[in-house]
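J.: I'd like to go over a predicted model; first the sequence, then the structure.
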Amino acid sequence: MKPVSIFALCLTLLAMTSWKGLAQCNPDTAPPVLSGVPADTTAQCIALPPPADVTATDDCDADPTVTLSIEFQPSDPGSVILIRTWTATDSAGNSASDSQEITVIDSTNPVIECPDDMSVDCLSDAGVVDNDEATARDNCGPVEVTHSDERMPGDTCRIEREWMATDQCGNASSCVQALTITDSTPPDIACPENKRFECPADTGVDATGKATATDNCENIEIDHSDTAVSGCGATVSIRRTWTATDDCGNASDCVQSIEVVNTILPVITCPDDMTLECPADTSVGANGEATIEDACGDISISQSDSVAPGCGNTEVLTRTWTATDECENSSSCVQTITVEDTTPPEITCPDDVTLECPAETIPEATGKAEASDDCADVTVSHRDIAESGCGEAHTIKRHWLATDECGDTAVCIQTITVVDTTAPRIDCPADVALECPEETGPEACGKAEASDDCADVTMRYRDISEPGCGETETITRIWVAGDECGNTSSCVQTITVVDTTPPDIQCNAADVIAFDAIDDGGSGSDYPDTDCQGQDYSGYEDWIGDGVCDDGTWGPYFNCDDFNCDEGDCDCDDAEPVSFTATATDSCGDVRVEITGFKCFPPDDDSNASDDDKSDCIAEIHEATITISKTGPPGTIIQWHVVAVDECGNEASNVCEITVLRPPDNGL
């Protein structure tokens, strides 16, 4: 074989390469090929393998670009997955990627360093200040630092602050920093008002008041101790020192003055001289009272003040105390009180009052406000705001205004309530008894009268009726008087309707006269005229003129309405019985009428109708009706006894009668 020169060989190879490239790279769509990407693995966070040296080759690009990206993904507690991704890109933009997953295990706690122990002022937040946070680091990622405080038992001024560092895998470390709270500010204490009592007196704190206190830091304990200056007997002057102590031992105090005095005056000792800022209370209760050795005997104490005005409203008050015992022994001392002026007066309203209407509501009746000013005269005035109620009841808001010479004012409000709880006065009309029938209304039986001092009165009544016999009744009339405020009073009137009047009986027979047949022996001429001599027959024109029957006897003569006979043609058989019905009337109910019997008195020889001979008369009685079928001869008197009883048992009786008369003289 003919040897080939090296130069020729290189040209051949170059030509082959160029042709091949021209064949595969036009266009270039093939991505590069990565090599050297390590396999997935597991590693501790503190011992992560370094990234591998990954390379890439490409048929069309002699030097493709290789880049590395890192991503963390959470995994099981205590671990995280680290993903390393290599990407190769050729000049034509074709790319290929391959990844390695490394399961990173973190079992190492962070490292934490507490700040130095420190003192914190109570006024601060007792917390984080500049440059006093704990520091922490971790071999595997960021760390969260937190803290919590715990006050040490029995030591309210010490706090242990525990700092905690926690990594992303839950590993934690802690340290403790001691904080000492410094509190140098004492509490702010306010004493109760000074008190002045008359011997004997309760000087316990429930009676004299308790101090109050506030503190800028923690809890406060308030105690007191008394320094008592005893006088004679039970008098005492107490200097009560109130002490407020906070948890860190800071304390402040104030003094309350409690004076127990009496009018027993042996040896007298004046209180200390006082210098007061005006407005000031120059009274004995505020500035002390002279003390004496005997506090409970029959000894009098008095004082007199001499005032020397100063500039403006200031003054110098010289108070002379004088004690006088039962033996007229006396001693004096002088207390000097210097007053300066700055404060408005103090005003005390009278107590709220509730008054019964009608009421006097002027201050003289309801009390006046009292005002005092230790440095100026005080003018007290008032203004009323009234709110109306029912009737004359009302509520007054009395605004009391105290004004001193400097124009300072103080206001208090007194409430005056005028109420009406008093029922009206009521007078019932007298009880009445009325005879039935009678009007029972108030116009007839009287009306109740009522009056009220505070409201208009409305009168009403209601009746309770208890029925009696007939139309009688007993009425209980309840009168009720009500005022505008709903107060009521009542009284009772009794109205008795009685029935003591007996019924009125009507016989209904006064205008009826009857005749019976008389046998004269066959001749009407033998009629015994003497029996009816002198009788007046005027007014009886309606009687039948012919009184003789066909058989020659006298026929029954009745009123034409009761006798069925044609004139001149009398038939005794046509005579009919006559009935009379007694009636009765009563103004108060129903009436029962009854005929209890009848009598027949025929004329005797002496014309004296005194015999009762019922055989001469025939009559039937049915309740209140008598039916007469035979009357007897002329001159006969028929009587019947009528009794009427009303529903109340009132009874009336009457005797009804008719007289049998002869017919008028008709020439027979």
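T.: Here it is on my side, so go on.
J.: going forward, measure contacts between C-alpha atoms and count neighbours the same way
T.: Noted.
J.: all the strands of the stretch 401-550 of the chain, residue numbers only.
T.: 409-419, 425-427, 432-435, 449-451, 457-467, 473-483, 488-498, 504-506 (DSSP state E, counting those that start in this stretch).
J.: of the ones you listed, which is nearest residue 363?
T.: strand 409-419 (10.2 Å; CA to CA).
J.: helices and strands around the closest one, which ones?
T.: strand 346-348, strand 353-356, strand 394-404 (3 or more CA pairs under 8 Å, 6 or more residues apart in numbering; DSSP states H and E).
J.: I'd like those written out as a markdown table, with distance to residue 121 added.
T.: Conversion of the helices and strands packed on strand 409-419 to a markdown table gives the following (distance: least, CA to CA, whole Å):
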| stretch | distance to residue 121 |
| --- | --- |
| strand 346-348 | 42 |
| strand 353-356 | 55 |
| strand 394-404 | 47 |
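J.: now stretch 173-187: average pLDDT?
T.: Averaging pLDDT along stretch 173-187 yields 84.
J.: excluding covalently adjacent residues, which one is nearest to residue 636?
T.: The shortest distance from residue 636 to any non-neighbouring residue, by CA to CA, 6 or more residues apart in numbering, is to residue 602 (4.1 Å).
J.: if we can go back for a sec, between the strands of the stretch 401-550 of the chain, which one is nearest to residue 102?
T.: strand 409-419 (85.2 Å).
J.: now the angle from that closest one to strand 394-404?
T.: The directions of strand 409-419 and strand 394-404 differ by 160 degrees, with axes from the mean of the first three to the mean of the last three CA atoms, to 10 degrees as the criterion.
J.: direction included, what does strand 409-419 pair up with?
T.: Paired neighbours of strand 409-419 in the sheet (DSSP bridges): strand 353-356 (parallel), strand 394-404 (antiparallel).
J.: I'd like the distance from that strand to the chain centre, please.
T.: From the chain centre to the centre of strand 409-419 is a distance of 24 Å (CA atoms, centre = their mean, to the nearest Å).
J.: tell me how far stretch 292-308 lies from the chain's centre.
T.: With CA atoms, centre = their mean, you get 53 Å for stretch 292-308.
J.: now that stretch - C-alpha only, PDB.
T.: The C-alpha trace of stretch 292-308 is given here as PDB (Å, rounded to 0.1, in the frame of the first residue of the first chain):
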ATOM      1  CA  ILE A 292     -59.300  69.000 127.500                       C
ATOM      2  CA  GLU A 293     -58.400  66.600 130.300                       C
ATOM      3  CA  ASP A 294     -62.000  65.500 131.000                       C
ATOM      4  CA  ALA A 295     -63.800  64.600 127.800                       C
ATOM      5  CA  CYS A 296     -67.100  63.500 129.100                       C
ATOM      6  CA  GLY A 297     -68.200  65.600 132.100                       C
ATOM      7  CA  ASP A 298     -70.500  68.600 132.500                       C
ATOM      8  CA  ILE A 299     -68.100  71.100 131.100                       C
ATOM      9  CA  SER A 300     -68.700  73.600 128.400                       C
ATOM     10  CA  ILE A 301     -66.300  74.800 125.700                       C
ATOM     11  CA  SER A 302     -66.700  77.900 123.500                       C
ATOM     12  CA  GLN A 303     -64.800  79.700 120.900                       C
ATOM     13  CA  SER A 304     -64.700  83.200 119.500                       C
ATOM     14  CA  ASP A 305     -63.100  84.300 116.300                       C
ATOM     15  CA  SER A 306     -61.500  87.600 115.500                       C
ATOM     16  CA  VAL A 307     -60.800  88.100 111.800                       C
ATOM     17  CA  ALA A 308     -58.300  90.600 110.400                       C
END
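J.: and it, average pLDDT?
T.: 78.
J.: stretch 208-227 too?
T.: Here the average pLDDT along stretch 208-227 is 87.
J.: end to end on it, go ahead and measure it.
T.: With CA to CA, to the nearest Å as the measure, stretch 208-227 spans 15 Å from end to end.
J.: and it, how far from the chain's centre?
T.: 41 Å.
J.: okay, buried residues for that stretch please.
T.: 208, 210, 211, 213, 215, 217, 220, 222, 224 (16 or more other CA atoms under 10 Å).
J.: next, give me the two most distant ones among those residues.
T.: 208 and 217 (28.4 Å).
J.: what's the closest non-adjacent residue to residue 227?
T.: Leaving aside its chain neighbours, residue 227 sits nearest to residue 239 (4.9 Å; criterion: CA to CA, 6+ apart).
J.: state the distance from that neighbour to residue 257.
T.: 5 Å.
J.: same question for residue 364.
T.: 35 Å.
J.: and for residue 83, the neighbour number?
T.: 18 (other CA atoms under 10 Å).
J.: any idea which element it lies in?
T.: Per DSSP states H and E: residue 83 is located in strand 79-89.
J.: I'd like the distance from that strand to the chain centre, please.
T.: 80 Å.
J.: pretty sure residue 640 belongs to a helix, no?
T.: No - Residue 640 is assigned strand when assessed by DSSP: H, G, I helix; E, B strand; the rest coil, not a helix.
J.: picking up where we left off before, wait, the residue nearest to residue 636 touches residue 633, no?
T.: Yes - under the criterion of CA atoms under 8 Å, residue 602 makes contact with residue 633 at 6.8 Å.
J.: among the buried residues of stretch 208-227, find me the one that's closest to residue 40.
T.: Among the buried residues of stretch 208-227, and counting by CA to CA, the member closest to residue 40 is residue 217, at 61.0 Å.
J.: measure that closest one to residue 379 for me?
T.: Separation of residue 217 from residue 379 (CA to CA) stands at 46 Å.
J.: for the stretch 201-350 of the chain, what spans make up the helices?
T.: Using DSSP state H, counting those that start in this stretch, the helices of the stretch 201-350 of the chain run over 205-208, 284-287.
J.: deepest-packed of these, please.
T.: Sort the helices of the stretch 201-350 of the chain by mean neighbour count, taking mean count of other CA atoms under 10 Å, and helix 284-287 sits at the top with a mean of 17.
J.: so which elements touch that one?
T.: Helices and strands touching helix 284-287, as assessed by 3+ CA pairs under 8 Å, 6+ apart, comprise strand 195-198.
J.: ok, residue 39 - how many residues close by?
T.: 9.
J.: what's in contact with stretch 344-363?
T.: 279, 366-374, 378, 392-393, 400-404, 406-422, 453-454 (CA atoms under 8 Å, 6 or more residues apart in numbering).
J.: mind running it again at 7 Å?
T.: The contact list for stretch 344-363 (CA atoms under 7 Å, 6 or more residues apart in numbering) reads 279, 367-373, 393, 402-404, 408-420, 453-454.
J.: tell me the average confidence for that stretch?
T.: Rounded mean pLDDT across stretch 344-363 is 92.
J.: and it, how far apart are its ends?
T.: Terminal residues of stretch 344-363 are spaced 23 Å apart (CA to CA).
J.: gap between that stretch and the chain center?
T.: Distance, stretch centre to chain centre, for stretch 344-363: 26 Å (CA atoms, centre = their mean).
J.: may I see the buried residues of that stretch?
T.: Buried residues in stretch 344-363, counted by 16+ other CA under 10 Å: 344, 345, 346, 347, 348, 349, 350, 355, 357, 358, 359.
J.: what is the nearest of the residues you listed to residue 49?
T.: Nearest member of these to residue 49, counting by CA to CA, is residue 344, at 87.6 Å.
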